[in-house]
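**Q** Sequence plus predicted model, see below.
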Amino acid sequence: MELKINIKQELWESIEKNYENESYSSAILDAIHQLTETIRNKTGLEGDGSSLVGQAFGSDSPKIQLNKMQTESEKNVQKGMGELLRGVYTAIRNPRSHDKHIDNKSEADAIILFLDYLLKVIDNSKVQFEIESFLGRVFDKYYVCTDEYSKLLADEIPKRQRLNIAIEVVLRRKNETVDIHGLKSFMFSLLERLEENEIKQLYVVISEELKYTSEYEDLYTILHILPSEYWNLINKAIKIRVENILFQDVKSGTIDAKTGKCKEGALGTWMQMDLISRFANINDWTGMIIDKMKSGNEGEIAYVERYFWGDICIANRDEITFYLEWYIRDGLEEKDPIIIEKLMEEIKFDEDHPWWEEFEEELKEHPGIQHVELPF
């Protein structure tokens, strides 16, 4: 019998090297490792050996369910499979892991064929967590857009499946029925549960999604559903390109006085509140925003005031650029009521705001601008 053609291709690939080298005991351990990884990947569990089997196949609602578990016979099958798998670890794996053990080809073939049978049974089983079923809940048109619901949903995902779910959401984000705000809430909750290396892997996928596109839907969905704090994980060349797309979009931005809606610049309005502060060319962004504020065009001014004034102030808080410094200083000296009001709103509740010191001399002429204690 040729083992290679009688077992699953994936199993053969995991044992091939040691089996062909006649290291039969090592090939058996390779096969059991494949069994372990299959159970882990199917359930999202992180355990090992008998403990892993107990978590995967035990309880009245097992993570891996072999049948409907309604009749006594079906329950016995579920229980028996768990016992068989425990036996694999205690009677087959552990002796070969802890002591010197030499198997011949015949013994290896028999054990590996048995393990192949177990793998096929597991492959045909139902699991408590199914990716497709879960994604149906994420893209549900009745998604409840609250932090509580999003956190509860994210908590249901087995640890090993979290990255897979995050990637699938990014790839399927342009779903016609989805509430984009619900998707944002879910992704924010899910990213809080990802490991650092998993977030980096996710942003490799995101970089590829952004690499060539300039399509509105491709861009705005990414901008809206992902936290700005990870922006710098995007591939640098791709990030620079996307920032330029956003710059040109915002530069053209204006609001229709009659409808109150964007005539141009809609893409930029999907950016997260503090995203601009992550951009490399903050001087250019600040200069462009100030130019729009001083343009005299009501539509451009309204666009900046509604969507970007707060962002620019956040980006310039600790190290104010020349353009914004000049705009505010000139406004204070000219006693411009609009600029005075804007400055007051930015600093009055923040006693430690650096602009108190930056504009100290000018503020002496404006005693109405004072720190206000919050009532809580």
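**A** That came in fine, so what should we check first? Predicted model only: the values in this text are computed from it and were never measured. Numbers count the residues shown, from 1 in each chain.
**Q** Residue 102 is in what secondary structure piece?
**A** Counting by DSSP states H and E, no helix or strand carries residue 102.
**Q** what sits against it?
**A** Residues in contact with residue 102 (CB atoms under 8 Å, 6 or more residues apart in numbering) are 24-25. (Each C-beta comes from the backbone N, C-alpha and C, glycine too.)
**Q** and the gap between it and residue 19?
**A** As judged by CB to CB, to the nearest Å, residue 102 and residue 19 stand 14 Å apart.
**Q** Quick check: residue 22 is in a helix.
**A** No. Per DSSP: H, G, I helix; E, B strand; the rest coil, residue 22 lies outside any helix segment and is coil.
**Q** Need the per-residue pLDDT for it.
**A** If you check residue 22, the pLDDT there is 93.
**Q** residues contacting residue 150?
**A** By CB under 8 Å, 6+ apart, residue 150 lies in contact with 182, 185-186, 188-189.
**Q** Can you tell me which of those is nearest residue 232?
**A** Here the nearest of the contacts of residue 150 to residue 232, counting by CB to CB, is residue 188; it sits at 17.6 Å.
**Q** Excluding residues flanking it in the chain, which one is nearest that closest one?
**A** Nearest non-adjacent residue to residue 188, counting by CB to CB, 6 or more residues apart in numbering: residue 227, 6.0 Å away.
**Q** Double-check the one you found against residue 191; I have them as touching.
**A** Yes. Residue 227 lies in contact with residue 191 (CB atoms under 8 Å); the separation is 6.2 Å.
**Q** of the two, who's got more company?
**A** Counted by other CB atoms under 10 Å, residue 227 and residue 191 do not tie: residue 191 has more neighbours, with 19 against 15.
**Q** What number of residues are in the vicinity of residue 41?
**A** Neighbour count of residue 41, defined by other CB under 10 Å: 13.
**Q** Residue 314 too?
**A** Residue neighbour count, defined by other CB under 10 Å, stands at 15 for residue 314.
**Q** Quick check, pLDDT for it.
**A** Per-residue pLDDT puts residue 314 at 94.
**Q** Name the SS class of it, please.
**A** Strictly by three-state DSSP, residue 314 counts as helix.
**Q** ok, now which ones touch residue 162?
**A** Per CB under 8 Å, 6+ apart, neighbours of residue 162: 154, 190, 193-194, 198.
**Q** Just give the number of residues close to residue 256.
**A** Residue 256: 13 surrounding residues under other CB under 10 Å.
**Q** Would you check how far apart the closest residue to it other than its chain neighbours and residue 252 are?
**A** Setting aside the residues directly before and after it, residue 256 is nearest to residue 263 in space (CB to CB, 6+ apart), at 4.8 Å. With distances taken as CB to CB, residue 263 is found 9 Å from residue 252.
**Q** do the same with residue 163
**A** Counting by CB to CB, the gap from residue 163 to residue 252 is 37 Å.
**Q** Could you check which of those two has the larger neighbour count?
**A** Set residue 163 next to residue 252 and count neighbours by other CB under 10 Å: residue 163 wins out with 19 against 15.
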